Structure formats: C-alpha cells, structure tokens
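J.: after the sequence you'll find the predicted model.
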Amino acid sequence: MPVIAVVGGQWGDEGKGKIIDLLAKRAQVVVRAQGGDNAGHTIVNEQVGRFALHLVPAGIFNPRTTCIIGAGVALNPVFLLEELDALHGLRVSTDNLLISERAHLVMPYHIELDRLQEARRGGGAIGTTGRGIGPAYVDKVSRTGLRAGDLCDPQTLPARIREAVAAKNQLFQVLYQAPGLDPERVVEAYSLAAERLRPYIRDASGALAAALRQNETILLEGAQATLLDLDHGTYPYVTTSSPTVAGLLQGAGIGPRFLTCGLGVFKAYTTRVGSGPMPTELDDELGGRLRAIGHEYGARTGRPRRCGWFDAVAARYSVLVNGFDALAITRLDILDTFDPVRICVGYEWRGQRLDQFPARAEVLAECRPIYEDLEGWQAPIGQARTLAELPAAARRYLERLEQLLEVPIALVGVGQEREETIMVRDLL
Ligand code: IMP
C-alpha cells in the first residue's frame with residue numbers, strides 16, 4: 001500500500017513533475033492536493049515532447065493511472081479546460097481524471113483581486129503568479145467560496161455566481177475604486193465550463209478508499225514547495241497553501257498513518273521566483289550562468305528565476321518540517337561546468353553564526369551565507385545511470401548533501417528526460 005508524497009524542499013521548480021512522471025508509470029493513483037494553476041510542472045517524455053502541466057496531475061500520460069484533483073486544490077475551471085484541450089490536441093486521454101467535489105474554485109474576481117492587491121503592495125509586492133490563488137483560499141477560509149461540487153447543480157449555480165460577484169463588486173468599488181465584473185459574463189463562462197467538467201467531478205474519497213483497500217500505489221504530487229508554505233515558509237513571501245508532506249495528506253484527504261514515504265525533491269542548487277529573501281542568491285555572472293545553463297525561467301510566468309548555490313540551512317529546516325524519508329536531487333548536470341561548487345552550511349547574521357533557518361523574513365534577508373567549497377567535476381554526467389558512473393567529485397557532492405541533510409538519496413536527476421535519472425534505491 002505505498003503512499004508516496006513528493007514534496008518540493010526549496011522554493012519550487014525543483015523538477016517534481018519529472019519525478020512524478022517517472023514514478024507514475026508504476027502508480028495506480030496520482031493526486032494533486034494543494035495549490036492551483038500557479039504551479040507549472042514541465043514534463044519531457046517521448047509521448048508529448050515538452051509539456052507544462054498546471055493543474056492536471058503528472059500521471060495523466062499513463063492511461064491506467066487515476067489522476068485526482070483533490071479537495072485542497074484551488075481550481076480554475078476555465079484554465080483546466082484549456083489544459084484538457086491542449087492534452088486532447090496531443091492525443092492524451094483525460095478519461096482517467098477525477099475532480100474532488102470539495103476543491104475550491106478560482107473565480108475571475110480572484111484574479112482581479114490578486115492584481116489589485118499586488119499593485120497596492122507596491123515595493124512590498126509578493127510577486128505572485130497573478131492566478132488568483134491567494135484570494136481564492138481567502139474565500140475558502142472565510143467560508144464564502146464556491147466549490148467544484150457547486151458546478152454540478154445547473155439550477156443553483158447561476159444564482160450562487162451572481163451573489164458572489166455582487167459581493168466582490170462592492171469590494172472593488174469601495175476599496176479599490178475599480179469597476180467590478182459583469183456577473184452575466186461570469187455566469188456564462190462558468191456554466192459552460194461546468195457542463196464540460198461535470199463528468200469528471202465526483203467524491204474523490206471513494207476512489208482513494210478503494211485504492212487504499214486494494215493496496216494500490218498512490219502518489220501525492222506536491223506543487224510549490226516547503227519554503228513557500230503558508231505556515232512554515234518565508235512569510236509573507238509565500239503561497240497560500242501547505243506544500244508539505246502533512247499538507248498533501250490533508251489536501252488529498254488521506255490520514256498520516258497511510259504514508260509510506262515522504263520524498264523531498266531538491267535541486268542541486270537553489271532557485272526562487274517572486275520576491276522574498278534568498279541568502280545564496282548570486283546576483284552576478286555565476287548566477288547568470290546557472291540561469292542560462294538551467295533555462296531557469298518560470299514555467300507559469302516566464303519570469304527569470306533567481307539562482308544561487310545549494311542552501312543546506314534552508315534544506316535542513318525543510319527536512320525537519322516534512323520528516324522526509326528519502327531525497328531526490330535534481331538537475332545535478334547543470335553544475336557540470338562549475339568549479340568549485342559551493343554549499344551554504346551556515347548563516348552569518350549581525351556578527352553571529354546561525355545554524356537554524358530564521359522565522360522572520362527580515363532576519364533571513366540580513367543573513368550572509370557561509371560556504372563550504374567542493375571540487376567541481378567539470379565533465380558531462382548526462383549518460384550516467386548509476387552512482388558509480390558519476391565522476392568522483394560529483395559523488396562527493398551528493399555524499400555531502402546526504403550528510404548535511406541526514407536523509408538518504410533515492411534518485412538523482414542528470415538530464416531533462418525521464419530516463420536521465422539515477423535510481424539509487426527503489427521507492428515503490
Ligand atoms: P501565488 O502562489 O501566485 O500567490 O504566489 C506567491 C509566491 O509563490 C510567489 O513568490 C510565487 O512566485 C511563488 N510561487 C507560486 N507557485 C509557484 C511555483 O509553482 N513555483 C515556484 N514559485 C511559485
């Protein structure tokens with residue numbers, strides 16, 4: 001009965017999509033449990049070439065895998081349909097998709113609010129993806145949200161939408177002096193989407209209970225990452241869901257005792273999109289080289305990602321928050337031409353050494369990294385399929401990460417393709 005949670009250990013974009021795509025071949029169920037179309041999971045496989053998924057779980061390329069959009073997801077039905085159409089265009093069947101009735105809906109007024117709130121924050125802007133995810137979760141918490149289940153009742157849906165738009169229009173006019181939305185346009189767009197999505201919407205807990213009973217393999221697909229977690233991340237520069245092992249179990253609706261493996265995915269270096277402190281950020285030629293070699297541009301927004309060395313202080317904190325059982329280290333090949341390769345092993349803050357990841361973004365912003373330098377391997381590693389085939393210096397780098405994080409490495413990514421992976425130990 002393996003239940004594996006695949007969770008980003010840094011600030012997102014660790015390459016979780018590829019890991020899920022790889023593991024999904026042997027899973028019966030893949031669940032997206034939190035976040036929304038703010039995520040971008042780039043998949044590269046022989047079936048579709050390169051494809052960026054935003055809402056659909058990365059198990060979709062295997063027709064025998066049930067893919068669930070779980071209760072904890074913020075779901076924009078219009079964007080989901082665009083994604084489904086794109087998949088159909090590539091002859092990928094989506095008959096194996098199931099949407100939880102409990103998932104909350106992202107509405108057009110959430111996107112508008114996201115934009116207005118960011119504009120009002122000025123210099124303190126979070127750098128959100130602008131997909132309305134934060135405002136949608138605010139409505140969920142204030143118990144005024146619409147849910148996927150509401151799309152199933154064509155009799156009551158228009159009135160619910162009109163009421164919700166009217167309430168938000170008041171907010172737009174009074175707080176932002178903004179014009180507000182035409183409720184009838186929202187009713188039209190969402191009624192059309194509802195008609196097409198209705199066959200997918202069900203109570204996901206039935207499917208999960210059946211899978212658990214039949215000892216099937218369930219993958220919980222994390223989006224965003226631990227350092228963007230609403231509670232445990234670099235608040236306020238965070239997303240609005242819980243992209244941790246516990247958050248995935250909660251969002252999927254599976255009790256913690258069913259979990260068999262929390263897999264932490266870490267890039268061999270660090271990237272971040274959006275605002276907020278990042279102690280190992282390289283604002284220089286080296287950072288530019290990492291971005292160029294790693295094509296580090298946001299899958300969702302196209303924004304250049306901020307790049308830097310591996311931050312073991314942040315990563316150890318992430319291990320604590322999640323209790324990872326195993327690690328996937330991705331994109332090791334991006335470091336092929338660097339010498340030395342550096343790992344941040346502590347912070348210097350106002351003359352003191354810090355070994356703990358600070359809770360306050362203001363403190364983290366003042367932390368200077370203390371680096372340990374390791375010899376670079378300066379050789380292409382894309383062909384390696386076992387650890388023994390890696391240059392000794394690359395192995396030493398991985399061993400040092402394992403030592404610092406105190407979690408065994410199960411997988412190492414050495415290229416974009418599914419096959420360009422070293423399976424160190426079996427997870428399934
Ligand atoms: P939001 O999730 O759109 O509200 O954005 C909040 C913060 O999370 C911003 O810094 C975003 O750049 C970041 N973020 C959201 N989704 C992702 C993701 O999938 N990868 C990386 N960063 C993300």
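T.: Yes, it's here. Treat the numbers as computed from the prediction; the structure is a model and nothing was measured.

J.: close to the ligand: what parts of the protein are there?
T.: Within the chain, the residues that sit near the ligand (Cβ under 6 Å from any ligand atom) are 12-13, 38-40, 126-129, 131, 133-134, 223-224, 228, 237, 239-240, 273-274. Heads up, the C-betas are built off the backbone N, CA and C, glycines and all.

J.: and the residues you listed, which of them are buried?
T.: Using 16 or more other Cβ atoms under 10 Å as the burial test, the residues of the chain next to the ligand include 12-13, 38-40, 126, 128-129, 131, 133-134, 223-224, 228, 237, 239-240, 273-274 as buried.

J.: now stretch 279-294, how far from the chain's geometric center?
T.: Centroid separation for stretch 279-294 versus its chain: 22 Å, with Cα atoms, centre = their mean, to the nearest Å.

J.: send the alpha carbons of that stretch over as CSV?
T.: Taking Å, rounded to 0.1, in the frame of the first residue of the first chain, the C-alpha atoms of stretch 279-294 are listed here in CSV:
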residue,chain,number,x,y,z
PRO,A,279,20.6,34.1,1.2
THR,A,280,22.5,32.2,-1.5
GLU,A,281,21.2,34.2,-4.5
LEU,A,282,24.0,35.0,-6.9
ASP,A,283,23.5,38.4,-8.3
ASP,A,284,26.5,38.1,-10.6
GLU,A,285,27.9,36.3,-13.7
LEU,A,286,27.8,33.0,-11.9
GLY,A,287,24.1,33.4,-11.2
GLY,A,288,23.5,34.3,-14.8
ARG,A,289,25.4,31.2,-15.9
LEU,A,290,23.2,29.0,-13.7
ARG,A,291,20.1,30.6,-15.2
ALA,A,292,21.4,30.2,-18.8
ILE,A,293,22.5,26.6,-18.4
GLY,A,294,19.5,25.6,-16.4
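
J.: so who does Arg303 touch?
T.: Shown in contact with Arg303 (Cβ atoms under 8 Å, 6 or more residues apart in numbering): 127, 273-274, 297.

J.: show me how far stretch 312-322 is from its chain's centre.
T.: Relative to the centre of its chain, stretch 312-322 is centred 17 Å away, using Cα atoms, centre = their mean.

J.: which helix is the longest one in the chain?
T.: In the chain, assigned by DSSP state H, the helix with the most residues is helix 157-176.

J.: so which bits of it are buried?
T.: Neighbour-count burial for helix 157-176 flags 157-158, 161, 164-165, 168-169, 172, 176 (criterion: 16+ other Cβ under 10 Å).

J.: dump these to JSON lines, plus pLDDT.
T.: Shown next, in JSON lines, are these (pLDDT from 0 to 100):
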{"residue": "Leu157", "pLDDT": "98"}
{"residue": "Pro158", "pLDDT": "98"}
{"residue": "Ile161", "pLDDT": "98"}
{"residue": "Ala164", "pLDDT": "98"}
{"residue": "Val165", "pLDDT": "98"}
{"residue": "Lys168", "pLDDT": "97"}
{"residue": "Asn169", "pLDDT": "97"}
{"residue": "Phe172", "pLDDT": "96"}
{"residue": "Tyr176", "pLDDT": "95"}
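
J.: secondary structure element for Phe266?
T.: Phe266 is located in strand 261-267, with elements delineated by DSSP states H and E.

J.: how many neighbours does Gly122 have?
T.: Residues contacting Gly122 under the criterion other Cβ atoms under 10 Å number 7.
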